[in-house]
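Chemist: model this:
(4 chains)
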Protein chains: 2
Amino acid sequence: MTTSANGRRRPPTIHDVAREAGVSRGTVSRFLNGGHYVSPAARRSVEAAIRKTGYVVNRHARSLSTGRSDSVAFLLTEPQEKFFEDPNFNVLLRGCTEHLARHDIPLLLMLAATDDDRRRLTRYITSGHVDGVLLVSSHSGDPVAAELRAAGMPLVACGKPMGLGSKVSYVAADDRDGAREMVRHLLDAGRRRIGMITGPLDTPGGTDRLAGYREVLAEAGLPYDPALVAEGDYRRAGGEEAARRLLSRAPDLDAVFVASDLMAQGVVNALHQLGRSVPDDIAVGGFDDSAAATAVTPALTTMRQPYDRISAEMVRMLLAQIAGEDTAGVILPTELVVRDSA
Amino acid sequence: MTTSANGRRRPPTIHDVAREAGVSRGTVSRFLNGGHYVSPAARRSVEAAIRKTGYVVNRHARSLSTGRSDSVAFLLTEPQEKFFEDPNFNVLLRGCTEHLARHDIPLLLMLAATDDDRRRLTRYITSGHVDGVLLVSSHSGDPVAAELRAAGMPLVACGKPMGLGSKVSYVAADDRDGAREMVRHLLDAGRRRIGMITGPLDTPGGTDRLAGYREVLAEAGLPYDPALVAEGDYRRAGGEEAARRLLSRAPDLDAVFVASDLMAQGVVNALHQLGRSVPDDIAVGGFDDSAAATAVTPALTTMRQPYDRISAEMVRMLLAQIAGEDTAGVILPTELVVRDSA
DNA sequence: GCCGGTACTGTGCACGATCACAGAAACCGG
DNA sequence: CCGGTTTCTGTGATCGTGCACAGTACCGGC
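Modeler: Model prediction:
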């Protein structure tokens, strides 16, 4: 006698509830979906029957019938470590979860580190399990995006996609303008030998911030010196390493614009170890205004990326696409946050 | 004229493929599921038809028919930041993903930070969208676990559950024995004033490691001094802070056993700032053997948790449960890794 | 008493797959 | 050429829902 009181394993169906409540399946179904056109008496007995049977709706059957799944994927097409380390990513993820929660839509995080994962998850997504996809990928010429769009899947990317022809909706911060403002801030503070540690230069975010840096230097009549620029990878350790490279090439730097706070944290550590004081010897400007900005001493002057607005906008656009509307790209402004490092 | 060549939006069904290939639905279905009893000629024309129509199986229909969903949830019932920071969590997650991939099963990561999220996701899970759940939660008297088990959902927890009556299968490292081995190692090195920074003491992992520490001290005839013990939260910053507390109370410590490498990293930083050298003044023993162990100088002596085996075991047990078998708890041994810090 | 309208209820079909089953075709040994 | 097995194929029935639709009951107004 191992099985419990109910010998059957089959979960209760809407039919069981209907029988228990003494009404028809249709009435139960109406009750479940808003409850319009259900008499108070029927409503009460259905409620009781649901409690008694422990009924939960079978989402496969519902989805098959309606064509919707009422869930959304958050797809990460790169190794998760890189993003999990970044406080901003957590803010973005949390924001998307919360905004979707208002519509009672669960968010499924899918991690695709390998090509094999990508294939498996692409198939999973296109086979109807989600209504739409929020995509995060720094190398955003991502074939996955094109593939999902081709399958007619609603999709919004975080960050400007690389290929312009792909017609992928996106939400991004204004990288170029943000970089301009930060470099101008450094110039206004009297700095003249300003270096930069960029993000990966095969991504739009990486190149746009570099472009802003170069523009402002040119406008100020300062020469562009490639020796003052080092490429980083948005990670803490990468920033530390890039700072060492940069200072060995150009010991006379008086400021560095670093394309992410996480890297800037590494930069500040490296400068301390090299005996340079921040900001007296060298000013450091970050980017993101992530938790890393205030976790370091001195606290970072940085460009705030409006991650709360970005997640809100991504969700809004995705729901619009799911509802059948077309959406385009959105670029949101950044904001200078002056603290102690510059 | 905004729509593309095919005016309809309806994705192709198995029926469309069958018609295109000149065979019946049954034959296409057999082809899709292993391909037994399908003649070579039929096979070829079905393959061609699938390519031509761009057919992908509708998983809702399949799941409705089979009762399976061929996907698994990885449920995190606490704020993600805490776990995402931990390199071990990434190893565990990656391991589960890979082991499931061998069975072609996608893993869906579900984050439940709030009670609201927990309700939503519990409903989502019990309504049939996944075949089983891998649960990670440090406060593992988790009501979610009990609820899912009550609904008959296969479930394996990472870490020993708090309530013994809950009958939840789990996989855990041998915390008590690991702690014993580390403290014995510190004693063997001649240390006598050994402090400890624990994990949260409302979790089994936290109390078991503390128990091991106390046992070995007692066996060595050393007194247990509560002033030498501080409670931490497994996070880097928490370790740093706990170390300061500990040293202000007991400046004559000659060793600390820290219940996680991430905290130990913070401890080493704090000790450096306080002018103590590691391991000469104070030896530091960690726990986990995570990436943090080698990211710090000196590299940490630590207890390795076999995360690759843990993930393998969790997946194996979950699949067994899905197949209808019963599984119990599994405790895996840890291993002392001697490096420079102790 | 008939009318139109509103509130409510039940029936049957559709969704897109799997699966059991029956029957056809092919093969094979005697 | 027969009976028996194996291989292959198509035809319903089925899974649990939502939804369109038909139908009932009640109500107020002329």
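Chemist: burial of residue A:260, as a residue count?
Modeler: As a burial measure, residue A:260 scores 31 neighbours (other C-beta atoms under 10 Å in any protein chain shown). In this view, the C-beta of every residue, glycine as well, is placed from N, C-alpha and C.
Chemist: so who does the closest residue to DNA strand D within the stretch 101-250 of chain A touch?
Modeler: Among the residues of the stretch 101-250 of chain A, residue A:128 lies closest to DNA strand D, at 13.1 Å counting by C-beta to the nearest atom of the strand. Residue A:128 makes contact with A:63, A:69, B:58, B:59, B:60, according to C-beta atoms under 8 Å, 6 or more residues apart in numbering or on different chains.
Chemist: which of those residues tops the neighbour count?
Modeler: Neighbour-wise, those (other C-beta under 10 Å) top out at residue B:60, 26 neighbours.
Chemist: tell me the secondary structure for it?
Modeler: What DSSP: H, G, I helix; E, B strand; the rest coil gives for residue B:60 is helix.
Chemist: what residues are up against it?
Modeler: For residue B:60, the contact set (C-beta under 8 Å, 6+ apart) comprises A:59, A:60, A:61, A:63, A:64, A:69, A:128, A:129.
Chemist: Report the two of these separated the most.
Modeler: Greatest spatial distance among the contacts of residue B:60 (C-beta to C-beta): A:61 and A:129, at 14.3 Å.
Chemist: Tell me which of the two has more neighbours.
Modeler: Legend: neighbour count by other C-beta under 10 Å for residue A:61 and residue A:129, higher for residue A:129 (26 against 17).
Chemist: gap between the closest residue to residue A:55 other than its chain neighbours and DNA strand D?
Modeler: Of all residues beyond its chain neighbours, the one nearest residue A:55 is residue A:12 (4.6 Å), with distances taken as C-beta to C-beta, 6 or more residues apart in numbering or on different chains. Distance of residue A:12 to DNA strand D, computed by C-beta to the nearest atom of the strand, to the nearest Å: 8 Å.
Chemist: so what pLDDT did residue A:12 get?
Modeler: Note for residue A:12: predicted pLDDT of 92.
Chemist: can you check residue A:164 too?
Modeler: Residue-level pLDDT assigned to residue A:164 equals 55.
Chemist: any idea how far the residue lying closest to residue A:298 once chain neighbours are set aside is from residue A:195?
Modeler: Once flanking residues are discounted, residue A:298 sits nearest to residue A:340: 3.5 Å by C-beta to C-beta, 6+ apart. Distance of residue A:340 to residue A:195, given as C-beta to C-beta, to the nearest Å: 19 Å.
Chemist: quick one: which of these two has more around it?
Modeler: Taking other C-beta under 10 Å, residue A:340 and residue A:195 do not tie; residue A:195 has more neighbours (26 against 15).
Chemist: is it true that that one lies in a helix?
Modeler: No - assessed with three-state DSSP, residue A:195 is strand; it does not lie in a helix.
Chemist: Enumerate the helices of the stretch 101-250 of chain A by residue range, in sequence order.
Modeler: All helices of the stretch 101-250 of chain A, identified by DSSP state H, counting those that start in this stretch, fall at A:115-124, A:143-150, A:175-188, A:204-219, A:236-249.
Chemist: and the ones you listed as a markdown table, adding mean pLDDT, mean neighbour count and distance to residue B:219?
Modeler: Putting these into a markdown table (pLDDT from 0 to 100; neighbours: other C-beta atoms under 10 Å in any protein chain shown; distance: least, C-beta to C-beta, whole Å) gives the following:
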| stretch | mean pLDDT | mean neighbour count | distance to residue B:219 |
| --- | --- | --- | --- |
| helix A:115-124 | 90 | 17 | 48 |
| helix A:143-150 | 86 | 18 | 57 |
| helix A:175-188 | 96 | 21 | 60 |
| helix A:204-219 | 94 | 20 | 57 |
| helix A:236-249 | 93 | 20 | 42 |
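Chemist: Quick check: residues of the stretch 1-150 of chain A near DNA strand C?
Modeler: Within the stretch 1-150 of chain A, the positions lying close to DNA strand C (C-beta under 7 Å from any atom of the strand) are A:22-27, A:30, A:37-42, A:61, A:64-65.
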